[in-house]
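> Sequence isn't available, so here's the structure alone:
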């Protein structure tokens, strides 16, 4: 898999990531078809998995934020 050109924020980063993942994605799609899944079924499952993964990342970020706020409040309440 191709590595990112820079660690963060450049204009084509999202597109570069798609290109980096494309070969493996097509392998997964081929494997799914060979296993009897339709391309539509496999693609929809991948979309749902990606959506659930993003929701997990967002939930983890929110939990981390809440923990930081609680720790800040606890530190501020110490005499």
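Ah, there it is. In this text, all values refer to a predicted model and were calculated from it rather than measured experimentally.
> neighbours around residue 46, how many?
A count of nearby residues for residue 46, using other CB atoms under 10 Å, gives 14. Where you see a C-beta, it was placed from the backbone N, CA and C, and this is true even at glycine.
> Show me what the longest helix anywhere in the chain is packed up against.
With residue count as the measure and DSSP state H as the assignment, the chain has helix 39-77 as its longest helix. Counting contacts by 3 or more CB pairs under 8 Å, 6 or more residues apart in numbering; DSSP states H and E, helix 39-77 packs against helix 13-34.
> tilt between the helix it packs on and helix 39-77?
Going by axes from the mean of the first three to the mean of the last three CA atoms, to 10 degrees, helix 13-34 is angled at 130 degrees with respect to helix 39-77.
> before we move on, the earlier item: any buried residues in the longest helix of the chain, and which?
residue 42 (16 or more other CB atoms under 10 Å).
> Look at residue 2 and report its pLDDT.
At residue 2, the pLDDT value in this model is 84.
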